[in-house]
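Novice: missing the sequence, but the structure's below:
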């Protein structure tokens, strides 16, 4: 690996065409699946109109039709990743957003409104089963993230976390918006954090959910969305920190994915200020003595930022954000990602960054967090990894 | 004023003891007032337990009992401001938080849940009437901000804005959380923005409201509150910017008060990135062609940050935040503010800042935004203003 970078994308997506999830759904939910499928297809089609406008979609797909089937096809996915120079990947649900959503509202956002908990669980389990199979076809390259709708039943959630671990998955995705459920400082979630800590399963928040229902169809609603969607996926961070979750579970890891990294320095500065500077908040009484460390210290040790397609400004701020906390990602197969021009994108974004720092952000940190086997990846990196020489200023 | 700074506090509070609002309430609501008063006193007492713990409260009041009556008493207020070196002030409701809340849920947060719109309006009008009288006792020193619950009836709101202007008030306070009402990019609010633009009334968001109802009483809830309360009062900014409000109303001014200034550089960078960098968001279609300028350009011209008791870090970032957008504030009579040691606090916070820059942040910007008459203030500043020499490094 001396001459090439190990690249691990901390943000990729995979999912089946909706009808093919049927075989993975528990038998008792297959009638419901058949009844729900046409509704899901129609809902997904409508969402697609909003989230992937036709012209962009058509232009972007042209010539990539086959490569896009890597969203679910093992062989095709291997080829796509090789061409992009990506040795390992962390896999979230949804694949091609408008084609591969798991059933029963068990998609990337894991909404709590408008879903039936039992059915959402059935959809999540179906996806997890399929994902475990996909990852087992290339276990040294794929860290699959299980869908775990933690808001409903704690016992069910803990059982699924254990199942996911036993089947080779490396972490869990939880809803970033709890909606009608309890926020994550609620003590009821303790069994979840304990299970993830003990089993070494990384907890994930992934951007996407926002209160779209409030935006209406008024001018500017999409600008509002792309601005605050970040905040909605970062928000649980301070519920976990102030709630003492990292204090009680120092080995639990959290990754916040595709939410940029731009918010990190000032968010930590603000929390540390609230923690240390007592004049401002004395009137509120003691709200910090249950934390033995400053908020930023928990962050440095336990929180990772799946920064996906980083902006140059984030690269410049990498030390303030945290060199050991940044995980780059390609977001394959989403059109906002770097695929299929990842190699060029990487050089443009990271040119001139010192080798040891870049090695951490591109793959070293992810390898550590998700327990990739570097020995097994070495021959692959030697073949497909981006050459270090091309990044020199 | 050559040797002393003009200091205008962009964040002060005033309010009557609750029972004294009776005379200012429209006669048809006085029965309701009498019925509601004991309930309000009890609710306020409970809120006080949460937001001003007894030990801090007692210690902080000791020896200041009389000076605190400046929350509603004209003569006392003059003396307090003189001693603090403050020539002018922008006045929000609530005075001493746990003692001076206007009736019927018409306090600083202007909640939309749990209030009766007609009654909230009656409470707001009562406060505005009293506030106009207080300000008229020292019109050159006091810029009063009218309570205007804009979520309900647009006609009523526009009428109140005109009333406030006619009675010498300088701006309006609107709810920072719209709750069950429409967000501020909704076209229904156009008459409000037009009225404020035409009459030169500054629109205000003031921190305080947050979804406390979701926090429960679990460990860490106050840490969560002091972290995200900022976000809840800043959030309407991007609804206004992306909604095109500043595009259509270039002379409308917005001030975001007591929400720190730490969020400004990265929030503007993020919005500008979303505006300029089309790869990320191409799939969402066109959401920006209705804006002729970058989000940060609207901010620079129309938005002001009532940064209140600034942290040294904010002082260091003053150019990135915007030298002409920062308004210092003392937050009198709140215990988290700088009173009664404002003179010392100012020197500690701003020592070594170039004079022309400090003059803007301490008073120059506020004088421009709120239309203070510098000629009338000059003799006062010559008498009470902090001496420039004491700030030199």
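Specialist: Cool, got the structure. Owing to the predicted nature of the structure, the values given are computational and were not obtained by experimental measurement.
Novice: near chain B at all, the longest helix along chain A?
Specialist: When chain A is parsed with DSSP state H, its longest helix is helix A:30-51. Yes. Counting by C-beta under 8 Å from any C-beta of the partner chain, chain B has neighbours in helix A:30-51: A:50, A:51. All C-beta spots, glycine's among them, are computed from the backbone N, C-alpha and C.
Novice: please enumerate residues in contact with that helix?
Specialist: Helix A:30-51 is contacted from outside by A:18-19, A:21-22, A:25, A:57, A:97-99, A:101, A:103-104, A:119, A:122, B:283-284, using C-beta atoms under 8 Å, 6 or more residues apart in numbering or on different chains.
Novice: show me which of those are buried.
Specialist: Those of those that meet the buried threshold are A:18, A:21, A:25, A:57, A:97-99, A:101, A:103-104, A:119, A:122, B:283-284, by 16 or more other C-beta atoms under 10 Å in any protein chain shown.
Novice: of those, which belong to helices?
Specialist: Using DSSP H, the members of these that fall within helices are A:57, A:119, A:122.
Novice: can I get these in a markdown table with pLDDT?
Specialist: As requested, those are exported to a markdown table (pLDDT from 0 to 100):
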| residue | pLDDT |
| --- | --- |
| A:57 | 77 |
| A:119 | 97 |
| A:122 | 98 |
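Novice: can you redo those residues as CSV with distance to chain B?
Specialist: As requested, those are exported to CSV (distance: C-beta to the nearest C-beta, whole Å):
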residue, distance to chain B
A:57, 7
A:119, 25
A:122, 28
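Novice: start to end distance for stretch A:94-114?
Specialist: Distance across stretch A:94-114, first residue to last, is 19 Å (C-alpha to C-alpha, to the nearest Å).
Novice: then stretch A:336-354?
Specialist: First residue to last in stretch A:336-354 (C-alpha to C-alpha) measures 27 Å.
Novice: rounded mean pLDDT for it, please.
Specialist: Averaging pLDDT along stretch A:336-354 gives 95.
Novice: ditto for stretch A:7-20
Specialist: Here the average pLDDT along stretch A:7-20 is 96.
Novice: anything in that stretch near chain B?
Specialist: No. Among the residues of stretch A:7-20, none lie within reach of chain B under C-beta under 8 Å from any C-beta; the closest is 13.2 Å away.
Novice: interface residues of the stretch 51-200 of chain A facing chain B?
Specialist: Contact residues, the stretch 51-200 of chain A versus chain B (C-beta under 8 Å from any C-beta): A:51, A:52, A:53, A:56, A:57, A:60, A:182, A:183, A:185, A:186, A:187.
Novice: identify the residue spatially nearest to the third one, adjacent ones excluded.
Specialist: Read it as residue A:53. Nearest residue to residue A:53, sequence neighbours excluded (C-beta to C-beta, 6 or more residues apart in numbering or on different chains): residue B:285, at 4.0 Å.
Novice: just checking, that neighbour touches residue A:222?
Specialist: Yes. The criterion here is C-beta atoms under 8 Å, and residue B:285 meets it with residue A:222 at 6.9 Å.
Novice: okay, those two: which has more neighbours?
Specialist: residue A:222 (20 against 16; other C-beta atoms under 10 Å in any protein chain shown).
Novice: now do the helices in the stretch 251-393 of chain A.
Specialist: A:264-276, A:278-281, A:295-302, A:312-316, A:318-321, A:342-350, A:355-359, A:365-370, A:374-384 (DSSP state H, counting those that start in this stretch).
Novice: could you identify which of the ones you listed is most buried?
Specialist: Of all the helices of the stretch 251-393 of chain A, helix A:365-370 has the most neighbours on average by mean count of other C-beta atoms under 10 Å in any protein chain shown, namely a mean of 22.
Novice: any idea of the mean pLDDT in that one?
Specialist: Taken as a whole, helix A:365-370 has an average pLDDT of 98.
Novice: which helices and strands does that helix pack with?
Specialist: strand A:8-13, strand A:88-92, strand A:326-328 (3 or more C-beta pairs under 8 Å, 6 or more residues apart in numbering or on different chains; DSSP states H and E).
Novice: need the residues that contact that helix.
Specialist: Residues from elsewhere that reach helix A:365-370 (C-beta under 8 Å, 6+ apart): A:6, A:8, A:10, A:88, A:90, A:143, A:170-171, A:202, A:253, A:255, A:304, A:324-328, A:372, A:374, A:377.
Novice: tell me the buried residues within the residues you listed.
Specialist: Judged by 16+ other C-beta under 10 Å, buried ones among the contacts of helix A:365-370: A:6, A:8, A:10, A:88, A:90, A:143, A:170-171, A:202, A:253, A:255, A:304, A:325-328, A:372, A:374, A:377.
Novice: check contacts around the closest residue to residue A:363 other than its chain neighbours.
Specialist: Of all residues not flanking residue A:363 in the chain, residue A:6 sits nearest, at 3.8 Å (C-beta to C-beta, 6+ apart). Listed by C-beta under 8 Å, 6+ apart, the contact set of residue A:6 reads A:87, A:88, A:359, A:362, A:363, A:364, A:367, A:374, A:377, A:381, A:385.
Novice: remind me which residues of the stretch 101-250 of chain A are low pLDDT?
Specialist: Counting by pLDDT under 70, the stretch 101-250 of chain A contains no low-confidence residues.
Novice: now do the strands in it.
Specialist: Counting by DSSP state E, counting those that start in this stretch, the stretch 101-250 of chain A has strands at residues A:142-147, A:171-173, A:202-206.
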